[in-house]
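1. Following is a predicted model, sequence given first.
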Amino acid sequence: MKEPAITDPFYLQIQQEINRLDRKVSFYNFAFYSVRVILIGLAGAITIITAAKTAQKGSANYEIIVWLGALTTMLTAADTLFQTDTKRNTYKLMLYDFRTLRTEFVHRFYQKDLSKEWKEEGYKKYYSIKSLGRDLIGSESK
């Protein structure tokens with residue numbers, strides 16, 4: 001629930017985090033599905049080329065098969081190394097938590113219930129979400 005009328009610095013920080021995480025989720029979604037589609041295409045191409053003509057060493061088909069196989073291996077390795085699916089899911093989880101916090105903020109804003117105590121609690125939730133994300137992403141790289 002994006003509210004441009006709210007100019008509270010805490011709300012603006014939450015919105016900034018949501019925008020940043022939304023871009024990351026979009027990037028990792030694109031990377032995840034792009035790699036999957038390319039891998040499916042390359043694996044299919046290898047099969048089709050192999051079936052179309054018996055590969056003999058030195059033939060053009062043999063070289064194409066070798067290059068496609070190498071490219072498939074490199075993409076699979078890159079996908080495994082960068083863990084696009086895991087990062088995508090982590091950022092989606094953080095995005096959900098920040099959107100929940102933003103919704104609560106907007107609700108309290110319109111109920112005129114933005115007490116100092118709630119803001120302190122909100123800051124704790126904010127840093128908890130950031131910390132969780134840092135911990136999850138840090139543990140993925142180990």
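-> Done, it's in. Residues are numbered from 1 along each chain as shown.

2. Give me the buried positions along the lowest-mean-pLDDT helix or strand in the chain.
-> Lowest on mean pLDDT, DSSP states H and E among the helices and strands of the chain sits helix 60-82, with a mean of 78. Residues of helix 60-82 classed as buried by neighbour count (16 or more other C-beta atoms under 10 Å): 62, 65, 68, 72, 75, 79, 82. For every residue, glycine as well, the C-beta is placed using N, CA and C.

3. same question, stretch 93-108
-> Of the residues in stretch 93-108, 93, 94, 95, 97, 98, 99, 101, 102, 104, 105, 106 count as buried by neighbour count, 16+ other C-beta under 10 Å.

4. tell me the phi and psi of residue 37?
-> phi -60, psi -40 (degrees, to the nearest 10).

5. any idea how far the spatially most central residue of the chain lies from residue 107?
-> With distances taken as C-alpha atoms, centre = their mean, the chain has residue 88 as the residue nearest its mean C-alpha position (2.4 Å). Distance, residue 88 to residue 107, by C-beta to C-beta, to the nearest Å: 29 Å.

6. again, but for residue 120
-> 17 Å.

7. next one: residue 121
-> 14 Å.

8. and if you look at residue 33?
-> For residue 33, the distance to residue 107 - C-beta to C-beta - is 35 Å.

9. Likewise for residue 6?
-> In terms of C-beta to C-beta, residue 6 sits 11 Å off from residue 107.

10. hang on, the earlier thing: just put the buried residues of stretch 93-108 in a markdown table and tack on distance to residue 42 and pLDDT.
-> Output for the buried residues of stretch 93-108, formatted as a markdown table (distance: C-beta to C-beta, whole Å; pLDDT from 0 to 100):
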| residue | distance to residue 42 | pLDDT |
| --- | --- | --- |
| 93 | 31 | 92 |
| 94 | 33 | 92 |
| 95 | 32 | 93 |
| 97 | 37 | 94 |
| 98 | 37 | 93 |
| 99 | 37 | 94 |
| 101 | 42 | 94 |
| 102 | 41 | 94 |
| 104 | 46 | 93 |
| 105 | 47 | 93 |
| 106 | 47 | 92 |
